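Undergrad: Next input, structure requested:
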Amino acid sequence: MKKTIIMFLLSAIMLSALTACGNSGSSDIPGEGNSAAENQNTATDKETSAAEGRLAIADELPEKDFGGRNFTVACVTDSTEKYLVAEEQNGEGVNDTVFARNLSVEERYNAKVAYLQGGAHRDCAVLVANTITAGDADAFDLVQFHVVSNSGNAMKGLYMNWYDVPYINFEKPWWSASNVEDLTISGHNFLAMGDFALTTISKTYCMFYDKVEAVNYQVEDLYQVVKDGRWTLDYLQEMCETVYTDRNGDGESNEGDYFGMASDQQSNFNTYLWAGDNKIFSRNTNGELEYTYFSEHLIDLYNKCYELLNYNVGVYTFMDHNSGTIKFAEYSTLTANALLEHAILFLADYENEYGIIPYPKYDETQKNYMTMVDGSHEAMAVGKAAADLEFIGVMTEVLCAESYKQVMPAYYDVCLKQRYASSEKDAEMIDLCVDSRVFDLGYVYDNWNGVAFFFQELLRDPNKQDITSYYAAKENAAVQYYEKVIALFEDAE
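TA: Numbering: from 1, shown residues only. The predicted structure follows:
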C-alpha cells in the first residue's frame, strides 16, 4: 500500500511538472513546422517513457528498519539544502520530487533525511575536518559539498574508501562512470559522484545559442554543425568575427555592441582545457592513471584559446561570475559560455528560441566533445569516524537511486528538456552535454595546489601569454603535489 501511495504521488508530481515546465509558445524559427502542442505531446510521451525506464531499474538493496534515525548530510548552506530536504510540497517540480524521494526512502527504511549546514564551502571543510578528527560519529553520516574544497579533507586522509562501504554499486546508472574510470586508483576512491548530488548535472558547462539571431545573421544550424563534428575552436573564432556588429555605432568594440560569444573569465575559461581534450590525468595503455597535463597539444590549445578570448572582436568577456549568461539574457550575444542551471536561473523569460550545445572541440580530428562540471558541484565522502557503514551504504545508495528515478526527471528530463527546449533535437544536445562530462583526477583533487586553474589565470591576464614559461616556473610544485595525490591512493590501507 505504501509503495502504491508513493507511486501515485510521484505520478502526480511528474504531471504537474510537465504542465508547469511546458514550452508555452510556438517556434520562432523558420522551417520548424510542428506546433508547440505537437512538440509538447511528442516530448511528453518520450519523457514519460524515460521516467518509467528509470523506475524499472532495481537498486538491489536489502529491506531494513533503521528505527526512525536521521541520515544526516554535512553540506554547504546555500547551494545544497534545496536538493536534500523539502519540508513540504509547493508545486515546484524539483522541490516536490525531492519531497517524494525523501518520503519514499523514509517509508521504506524508517529513516529521515536531515542535513548539517556548514556555511560557505571553506567553512564547511573546516567543520567536517574538525568533526572527523574529534572522532564524532554522530554529527553526520555523509559529507557532500564543493569538490575542490572537499578534496583538501580527502588529502588529509579523513575519508573512507568508498569500496569499503557496503551496498555502494558504482555499476549502477546513478553513479558517474568517472568514479571507476578517473577517480579510482589501486582499488581506492575517496570522493564519489552520484545523483544524490544533483549539482553534478546542474553545474555542467555548456553553451547557449540564440536560434532566432542565428537565422538573422545567416549562421548555419549549430546543432547540425555539432553533429557533423565541425563545432571547433576555429569555427567559433570565425563565427564570432562574422557576427560582431557595432550596434551603437561608435566605432569601438564595447558593451553596447552585438557579439558572437560572451563569457565570464572564471571557470568559463577553464573549461576550454577539457573541451580541447587535455586532461590532467589520463589512462595509459596499461590502464594506469598518469599525469599528462603538459604537451605540445596544451601549448597549441592555449594559443588558440588566448587568441579567441583576447583578440577576437566578436568575443565579450568580463570578470564577474555569470556575466556571459547575463549578456545573453540581454539579447546582446549570439552564444554564451554557461552552466546548465543558468537556463533556470537567468533565461526563464527569454523570448527567443535558444539551443544548448557543448563547448567546441580543439579540431575536427578530436573524437568527442568534452566538458567539465564547475568546482562548486558536490563530491560525496564518508568520514573515517563513521560507525555504522551498513546504514550509510544503504541510505547513500537508495538516495542516489531515487534521485536518478525521481528527482532527475523533474530537474533534467522535464524542466530542461521541456521548459527550456522545444524539440527532440534540443533534448539530444542536452544529453550530449551531460554525457560529455569529465571528472578529472587532477581537477577533483586539485584543492588549488595543482594545475587545474592555470588556464583561467593565464587566459584573462594579458601579461601571462606564454604558458610554457608560466608552467615551467610552477611545474616542480605541481608535480610534487600530484605525487602526494597518487600516494594518497597507493599508500592507503
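
Undergrad: can you give me the helices in the stretch 51-200 of the chain?
TA: Under the criterion DSSP state H, counting those that start in this stretch, helices of the stretch 51-200 of the chain are mapped to 81-84, 93-109, 121-133, 147-155, 178-181, 199-202.

Undergrad: can I get those in CSV with distance to residue 305 and mean neighbour count?
TA: (Each C-beta comes from the backbone N, C-alpha and C, glycine too.) Below are the helices of the stretch 51-200 of the chain laid out as CSV (distance: least, C-beta to C-beta, whole Å; neighbours: other C-beta atoms under 10 Å):
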stretch, distance to residue 305, mean neighbour count
helix 81-84, 33, 18
helix 93-109, 34, 22
helix 121-133, 27, 19
helix 147-155, 21, 24
helix 178-181, 24, 17
helix 199-202, 25, 23
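
Undergrad: Switch the ones you listed over to CSV; also include mean pLDDT and distance to residue 290.
TA: Below are the helices of the stretch 51-200 of the chain laid out as CSV (pLDDT from 0 to 100; distance: least, C-beta to C-beta, whole Å):
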stretch, mean pLDDT, distance to residue 290
helix 81-84, 67, 35
helix 93-109, 91, 39
helix 121-133, 95, 28
helix 147-155, 96, 19
helix 178-181, 94, 14
helix 199-202, 90, 25
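
Undergrad: Select, out of these, the one closest to residue 407.
TA: Between residue 407 and the helices of the stretch 51-200 of the chain, the tightest spacing by C-beta to C-beta is seen for helix 93-109, at 4.7 Å.

Undergrad: Give me the helices and strands touching the closest one, please.
TA: Contacts defined by 3 or more C-beta pairs under 8 Å, 6 or more residues apart in numbering; DSSP states H and E place helix 93-109 against helix 2-21, helix 81-84, strand 111-117, helix 389-402.

Undergrad: ok, 7 Å please
TA: Helices and strands touching helix 93-109, by 3 or more C-beta pairs under 7 Å, 6 or more residues apart in numbering; DSSP states H and E, are helix 2-21, strand 111-117, helix 389-402.

Undergrad: Tell me which residue is most central in this protein.
TA: residue 204 (2.7 Å; C-alpha atoms, centre = their mean).

Undergrad: residue ranges of the helices in the stretch 251-400 of the chain, please?
TA: Under DSSP H, counting those that start in this stretch, the stretch 251-400 of the chain gives helices at 267-275, 296-311, 323-329, 342-346, 389-402.

Undergrad: Lowest average confidence across the ones you listed, which one?
TA: Mean pLDDT values for those show the minimum at helix 342-346, a mean of 89.

Undergrad: Report all helices and strands that it contacts.
TA: Using 3+ C-beta pairs under 7 Å, 6+ apart: helix 342-346 touches helix 323-329.

Undergrad: Which helix runs longest in the chain?
TA: Assignment by DSSP state H gives helix 467-490 as the longest helix of the chain.

Undergrad: what's that one in contact with?
TA: Around helix 467-490, the neighbours that count as contacts under C-beta atoms under 7 Å, 6 or more residues apart in numbering are 155, 185-186, 188, 291, 294, 298-299, 302, 442, 445, 449-451, 454, 458, 464.

Undergrad: List just the one of the helices of the stretch 51-200 of the chain that sits closest to residue 383.
TA: Here helix 121-133 is closest among the helices of the stretch 51-200 of the chain (C-beta to C-beta), at 4.0 Å.

Undergrad: Contacts for that closest one next, please.
TA: With C-beta under 7 Å, 6+ apart as the criterion, helix 121-133 contacts 74-76, 118, 139, 143, 145-146, 149-150, 152-153, 156, 158, 383-385.

Undergrad: and if we set it to 8 Å?
TA: Contact partners of helix 121-133, identified using C-beta atoms under 8 Å, 6 or more residues apart in numbering, comprise 74-77, 116, 118-119, 139-140, 143, 145-146, 148-150, 152-153, 156, 158, 376, 383-385.

Undergrad: out of those residues, which are buried?
TA: Applying 16 or more other C-beta atoms under 10 Å to the contacts of helix 121-133, the neighbour count classes 74-77, 116, 118, 139-140, 143, 145-146, 148-150, 152-153, 158, 376, 383, 385 as buried.

Undergrad: before we move on, the earlier item: tell me the contacts of the residue nearest to the centre of the chain?
TA: Neighbours of residue 204 in contact, by C-beta under 8 Å, 6+ apart: 339, 340, 371, 373, 374, 433, 434, 437.

Undergrad: Which one of the residues you listed sits in the busiest neighbourhood?
TA: residue 373 (29 neighbours; other C-beta atoms under 10 Å).

Undergrad: For residue 292, the count of nearby residues, please.
TA: So residue 292, with other C-beta under 10 Å, has 16 neighbours.

Undergrad: Isn't it up against residue 273?
TA: No - between residue 292 and residue 273 there is no contact under C-beta atoms under 8 Å: 11.9 Å.

Undergrad: buried stuff in the helix or strand that residue 239 is a member of?
TA: For residue 239, the element it lies in under DSSP states H and E is helix 233-243. By neighbour count on 16+ other C-beta under 10 Å, the buried set for helix 233-243 is 233, 235, 236, 237, 239, 240, 243.

Undergrad: Quick one: mean pLDDT over it.
TA: 98.

Undergrad: quick one: contacts of that helix?
TA: 217, 219, 225, 258-261, 272, 276, 304-305, 307-308, 312-315, 334-335, 360-363.

Undergrad: now the angle from it to helix 296-311?
TA: 10 degrees (axes from the mean of the first three to the mean of the last three C-alpha atoms, to 10 degrees).

Undergrad: what distance separates helix 233-243 from the centre of its chain?
TA: 26 Å (C-alpha atoms, centre = their mean, to the nearest Å).

Undergrad: which phi and psi does the closest residue to residue 378 other than its chain neighbours have?
TA: Closest residue to residue 378 apart from its sequence neighbours, by C-beta to C-beta, 6 or more residues apart in numbering: residue 197 at 3.9 Å. With angles defined as degrees, to the nearest 10, residue 197 sits at phi -90, psi 80.

Undergrad: what sits against residue 197?
TA: 83, 144, 377, 378, 379, 380.

Undergrad: what do you get if the cut-off is 6 Å, keeping everything else the same?
TA: 144, 378, 380 (C-beta atoms under 6 Å, 6 or more residues apart in numbering).

Undergrad: So it versus residue 203, what's the distance?
TA: 10 Å (C-beta to C-beta, to the nearest Å).

Undergrad: Return the closest of the contacts of residue 197 with respect to residue 249.
TA: For those, the nearest to residue 249 is residue 378 (47.0 Å; C-beta to C-beta).

Undergrad: Give the bridge partners for the closest one, please.
TA: As for beta bridges, residue 378 partners with residue 146 under DSSP bridges.

Undergrad: Neighbours of it, how many?
TA: Using other C-beta under 10 Å, residue 378 has 29 other residues around it.

Undergrad: correct me, but it touches residue 200?
TA: No - counting by C-beta atoms under 6 Å, residue 378 does not reach residue 200; the two are 7.1 Å apart.

Undergrad: Tell me the predicted confidence for the closest residue to residue 297 other than its chain neighbours.
TA: Nearest residue to residue 297 in three dimensions, chain neighbours excluded: residue 278, at 6.1 Å (C-beta to C-beta, 6+ apart). pLDDT for residue 278: 97.

Undergrad: Distance check, residue 278 against residue 185.
TA: 20 Å.

Undergrad: Give me the more crowded residue out of those two.
TA: A direct count of neighbours by other C-beta under 10 Å for residue 278 and residue 185 places residue 278 higher, at 22 against 19.
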